[in-house]
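Peer 1: what shape does this take:
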Amino acid sequence: MNTRKLWPVLLCIIGFLAIIIGALDPLEGGFIIMPGSGLIALSAFMGKSHHRRFIYWAFMMTVFGVAVVIVWSLFGGVGGDTGRSMWWLLTALPYPVGWIMSIIGAVRLLIEFFRKPS
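Peer 2: Model (predicted):
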């Protein structure tokens, strides 16, 4: 594998590891998951993957979801004594969906990279 094809593979692997490690603590791990998802998207862009659109959506959903979780955390959360219903947590749903899509996208990307002829 030449260096031009090696960089997208390395970025995808590093991004995949980052989103797995960040999942250990989803609130603070969002600052690791978001760049990891971005590395996977960059890898898809550099490797000219057929799965680019799926991976870009995963990245956008992850960024939006992490931003919502941070905003809710700054406002004291939801439920309990905050006066906000637990239903407001549905606004953070793009975060876990984007995380799962990033994992699926990374796996599909790595399969595509290793199946492509050199």
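Peer 1: state the distance from the residue most central in space within the chain to Trp87.
Peer 2: For the chain, the residue nearest the mean C-alpha position is Ser37 (3.4 Å; Cα atoms, centre = their mean). Separation of Ser37 from Trp87 (Cβ to Cβ, to the nearest Å): 26 Å. The C-beta positions use only the backbone N, C-alpha and C, and glycine is treated the same way.
Peer 1: list the contacts of stretch 63-72.
Peer 2: Stretch 63-72 is contacted by residues 26-27, 30-31, 33-34, 37, 78, 88-89, 91-99 when judged by Cβ atoms under 8 Å, 6 or more residues apart in numbering.
Peer 1: buried set for that stretch?
Peer 2: By neighbour count with 16 or more other Cβ atoms under 10 Å, stretch 63-72 contains the buried residues 63-66, 68-69, 72.
Peer 1: before we move on, the earlier item: now the buried members of the contacts of stretch 63-72.
Peer 2: 26, 30, 33-34, 37, 78, 92, 94-95, 98-99.
Peer 1: which one of the residues you listed is nearest to Phe54?
Peer 2: Gly98 (11.1 Å; Cβ to Cβ).
Peer 1: so what pLDDT did that closest one get?
Peer 2: Looking at Gly98, its pLDDT reads 95.
Peer 1: do the same with Asp81
Peer 2: Predicted confidence (pLDDT) for Asp81: 83.
Peer 1: distance of it relative to Thr91?
Peer 2: The separation that Asp81 has from Thr91, given Cβ to Cβ, amounts to 20 Å.
Peer 1: neighbours of Trp57, how many?
Peer 2: Neighbourhood size, Trp57 [other Cβ atoms under 10 Å]: 17.
Peer 1: I'm done for today, thanks for sticking with me.
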